[in-house]
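Visitor: Structure of the sequence below:
(2 chains)
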Amino acid sequence: MKSRAFFLILGTWLISLAVAAPASAGPLPLVADRALTFCADLQNPPTGSLKADGHTPEGVGVDLMNAMAGKLGLGVSILNYRASGVFAALDTGKCDAIMASLSRSPERMKRYDFVDYFRISSGFLVAKGHAGRLKSHNDLAGKRIAVLLGSRNEAWLHEEDDTFAAQGLPRMTIVNLGTNVAAFQDLALGRVDALLSDSIIINYYLSHNAGRFEIAPLPARAGTTLAIAVPKAHPEVAHALRGALDALVEEKTVDRIAHHWGIENGVVPCSTQAPCSREPVGPASVSHVPPVHFDLGFFLHFVLHPPPVILSGILVTLGVAMAAQILGTVLGLGLALLALGRSKAMRVATDLYIWAFRSVPVLVQLVIVYFGLPYLVGFDLFPASMGFGVFALPGALVAGTLTFGVHEAAMMSEIIRVAIQAIDSGQTEVARSLGMWPGLTLRRIILPQAARIVLPPLGNQFSNMIKTTSLLSVIGVGELFRVAEDVQAATLMTFEVYLGISVYYLALIAVTTLMQRWIERRLAPRPRRAPMAQEITQ
Amino acid sequence: MTGQTPALEFRQVSKAFHFTRVLGGVKLCVSAGEIVALIGPSGSGKTTLMRCAAGLASIDTGAILVDGVPVGESKPGAGRQPSIGMVFQKFHLFPHLTTLENIIEAPVRVLRVKAADARAEAMVLLERMGLADRADYYPAELSGGQQQRVAIARALAMHPKVLLFDEPTSALDPEMVNEVAGVIAEVAATGIAVLLVTHEMAFVRRVAHSVAVMDGGSIVESGATEEVFAAPRHDRTRRFLTAIGLT
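Guide: You can find the predicted model right below:
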């Protein structure tokens, strides 16, 4: 232990002298041999994203990771996770450290060491000409603000919102999205009034969309410190990273990287000499490391006393699933009738519809409809709030329900078509001989019989639909999985939260199945006695 | 049987499927209250002729008349009463409806009869069929003979002038044949013209007043049942009766 500490100190000293000889990383407990493995969120240019080739990471964070590893004489491996998954990845030993524009929080500091690298400020990006709408703090009341899910900015917005509520001011609508790209899309489409993000992101979008946006004069909250997270169990790794970073700051490499990406405004590099956080810098005591374990108490409380957001998530999940299933069944019936009809053109059209909607993943359809269609038609089809008579729904919810509905129609049309074809043609003939016209025959004779055949696969489809709604998390709809991500981000209880919502999905499907069985029993003719007994009695 | 307008008349009815002639100028009359059996070898066009009469298939030339009025290809619609009813070989009861619902469905939906009136009338029909106690049963709970009588009651509820039977005995146990013969005779006794297709010659002798022998898409011979069986005039009739072992 002693010799290793000595070795590390020696290594740091060597780095600080900028000696070409790399520090020996042999004793570092790394996931991969002779390489630093980072968990990152490569969906947030310019801090970290993938090049157009789809696999080469680039960005400020990527350059920093490479530079630090170079200083330590190690290779670099960057694993790309969604922001909500990076801590779980670190906890389960997928990587040595997280570099994903993280900031410190009390919960996080209990479990991780943090190596600060940037002190940054935050700002509000608004459409050109709208800066005047956000001049003072109270201008935020009643506005729609896009913000990165689980970020400090989001937490700050919620605090501000609570103070507005306390003062009787209209509340904000906080649209928390999983990536800065999605948050910026919402601003670009006019779905939000402003995008609150850190200066790195704001500078980037401002410079890449010349003339379309501007920064609101409203002073955003005090700055944030971005830091690399390392498990407390590996103080050597944190120490080595800090040493490497100190050397890079010293030789102005960090400044050069910031300048290269055009984000130097409002960004200050952190080092041991110029610390950004008050808490003591240096190897943390290894003695008190909370073990990674399953918090049964938290889990049971989460399941038995779900927070209100989880209940609202369940309602959204069920509501969307039911609406989309009804839409899909009605549309599917129409398609099935066209497919069985006499018009050859209609038959070809339904075949094409089914082919298209069955082939393209529903997630892809969802982002096409929600993010893509507004560009095609030239106006926002799904604005933040869509009025339907007396009530209004968020555009994302409507877009999701419509997408799932039209996708489901392709599935349901096949199920319904086969069910109708399974009905004996004699039923149609006898109805015709009784003077019943086709529409009446369909409604009174064919469909009631087909319904019994459709019901079991329909129940199956609905179970799938409940699960499919989790895709809405991508477009920021607060369904069950999405609100669970929020809870996970706030509590860092990864396994407990995701297992907890699994319990809810299990319960939802169980209730669905029971209802399906009940309807099946109601629809089935109930024989009073076996037909054989009849034959005997007569 | 002569001197008055027949209840059902086929007047030079012709039909072709894909250039193959299946009906070639069929001429046949059935009077009110008369039971005519259509017999002949397989593929002679008996079933096609019946399906044309029931409106399930179209005819190319000629006419099918009920009380002198052509039924043609009149499309079914609300309030339009089909003058020809049909009892299918496999009955085709609506499996999701009870006996009573099977019978009142078309009167209520097509003829717009009040549900209560339709139900009362259906009960009278079921009484006649000896099935009053089966009104609330589903078809799957009925025996074959019971299902057939429900199918007959269902057709009668539309007050047809003509009732067609396709192979009325083929789906029944042999001991049920006498029973259905009685029901058909009773139906005819109410003044309905009955045309039936069957392969059961014993059954024909029992119920049919007259027979029409079909071959190659036309009627080759018709006449009173016992006369035709006893002294067939046409060569093809003789061959058919020999083939089924009746001469």
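Visitor: For the stretch 201-350 of chain A, which residues are neighbours of chain B?
Guide: On the criterion CB under 8 Å from any CB of the partner chain, chain B has no neighbours in the stretch 201-350 of chain A. For every residue, glycine as well, the C-beta is placed using N, CA and C.
Visitor: B:T20 versus B:G216, what's the distance?
Guide: B:G216 sits at a distance of 11 Å from B:T20 (criterion: CB to CB, to the nearest Å).
Visitor: A:D116 now?
Guide: 91 Å.
Visitor: Compare neighbour counts for the two and give me the winner.
Guide: Taking other CB atoms under 10 Å in any protein chain shown, A:D116 and B:T20 do not tie; A:D116 has more neighbours (23 against 8).
Visitor: wait, is the more buried one part of a strand?
Guide: Yes. A:D116: assigned to a strand according to DSSP: H, G, I helix; E, B strand; the rest coil.
Visitor: what about the helices in the stretch 301-450 of chain A?
Guide: A:308-340, A:344-359, A:362-367, A:373-377, A:395-421, A:425-433, A:438-441, A:447-468 (DSSP state H, counting those that start in this stretch).
Visitor: worst average pLDDT in those helices?
Guide: Sorting the helices of the stretch 301-450 of chain A by mean pLDDT places helix A:373-377 lowest, at a mean of 83.
Visitor: What distance do you get for the residue located most distally from the centre of chain B to chain A?
Guide: Computed with CA atoms, centre = their mean, the residue of chain B farthest from its C-alpha average is B:A116, at 28.2 Å. Separation of B:A116 from chain A (CB to the nearest CB, to the nearest Å) stands at 19 Å.
Visitor: Kindly list the main-chain dihedrals of residue 138?
Guide: Reading this off chain A. Taking degrees, to the nearest 10, you get phi -70, psi -10 for the backbone angles of A:N138.
Visitor: show me where pLDDT drops low in the stretch 151-300 of chain A?
Guide: A:220-222, A:278-292 (pLDDT under 70).
Visitor: hang on, the earlier thing: tell me which of the helices of the stretch 301-450 of chain A sits most buried.
Guide: Stretch with highest mean neighbour count among the helices of the stretch 301-450 of chain A: helix A:395-421 (a mean of 22; mean count of other CB atoms under 10 Å in any protein chain shown).
Visitor: related to what we said a few turns ago, could you export the helices of the stretch 301-450 of chain A as CSV, including distance to B:V177?
Guide: Shown next, in CSV, are those (distance: least, CB to CB, whole Å):
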stretch, distance to B:V177
helix A:308-340, 39
helix A:344-359, 45
helix A:362-367, 59
helix A:373-377, 68
helix A:395-421, 35
helix A:425-433, 22
helix A:438-441, 32
helix A:447-468, 30
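Visitor: related to what we said a few turns ago, tell me which helix or strand the residue farthest from the centre of chain B sits in.
Guide: Assigned by DSSP states H and E, B:A116 belongs to helix B:115-128.
Visitor: Repeat that for A:R119.
Guide: Going by DSSP H and E, A:R119 is part of strand A:112-120.
Visitor: what does B:A155 give?
Guide: Using DSSP H and E, B:A155 sits within helix B:144-156.
Visitor: Give me the packing partners of the helix or strand following that helix, helices and strands only.
Guide: Counting by DSSP H and E, the next helix or strand C-terminal to helix B:144-156 is strand B:162-166. The elements that strand B:162-166 packs onto, with contact taken as 3 or more CB pairs under 8 Å, 6 or more residues apart in numbering or on different chains; DSSP states H and E, are helix B:46-53, strand B:84-87, helix B:144-156, strand B:193-197.
Visitor: To chain A, which of those lies closest?
Guide: Of all those, it is strand B:84-87 that lies closest to chain A, at 4.4 Å by CB to the nearest CB.
Visitor: got the residue ranges for the strands in the stretch 1-150 of chain A?
Guide: A:35-40, A:43-44, A:48-50, A:57-58, A:75-80, A:97-102, A:112-120, A:122-127, A:144-148 (DSSP state E, counting those that start in this stretch).
Visitor: what residues are up against the closest residue in space to A:A489 that isn't next to it in sequence?
Guide: In space, and not counting its chain neighbours, A:A489 is closest to A:G150: 3.2 Å by CB to CB, 6 or more residues apart in numbering or on different chains. By CB atoms under 8 Å, 6 or more residues apart in numbering or on different chains, the contact set of A:G150 is A:83-84, A:176, A:485-486, A:489-490.
Visitor: Turn the residues you listed into CSV, including secondary structure.
Guide: Compiled in CSV, those are given as follows (three-state DSSP):
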residue, secondary structure
A:A83, helix
A:S84, helix
A:N176, strand
A:E485, helix
A:D486, helix
A:A489, helix
A:A490, helix
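Visitor: so where's the stretch 1-150 of chain A uncertain?
Guide: Ranges of the stretch 1-150 of chain A meeting pLDDT under 70: A:1-27.
Visitor: Check chain B too.
Guide: In chain B (pLDDT under 70), the answer is B:1-3, B:72-79, B:246-247.
Visitor: Show me where it has its helices.
Guide: B:46-53, B:99-109, B:115-128, B:144-156, B:177-189, B:201-207, B:225-230, B:235-243 (DSSP state H).
Visitor: want to throw these into a markdown table with distance to A:R358?
Guide: Shown next, in a markdown table, are the helices of chain B (distance: least, CB to CB, whole Å):
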| stretch | distance to A:R358 |
| --- | --- |
| helix B:46-53 | 39 |
| helix B:99-109 | 37 |
| helix B:115-128 | 44 |
| helix B:144-156 | 41 |
| helix B:177-189 | 50 |
| helix B:201-207 | 54 |
| helix B:225-230 | 61 |
| helix B:235-243 | 55 |
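Visitor: what about those, which gets the closest to A:H301?
Guide: For these, proximity to A:H301 was assessed by CB to CB; helix B:99-109 is nearest, at 54.3 Å.
Visitor: helices or strands next to that closest one in the packing?
Guide: Against helix B:99-109 (3+ CB pairs under 8 Å, 6+ apart) you get helix B:115-128, helix B:144-156.
Visitor: Try it again at 10 Å.
Guide: With contacts taken as 3 or more CB pairs under 10 Å, 6 or more residues apart in numbering or on different chains; DSSP states H and E, helix B:99-109 sits against helix A:425-433, helix A:438-441, helix B:115-128, helix B:144-156.
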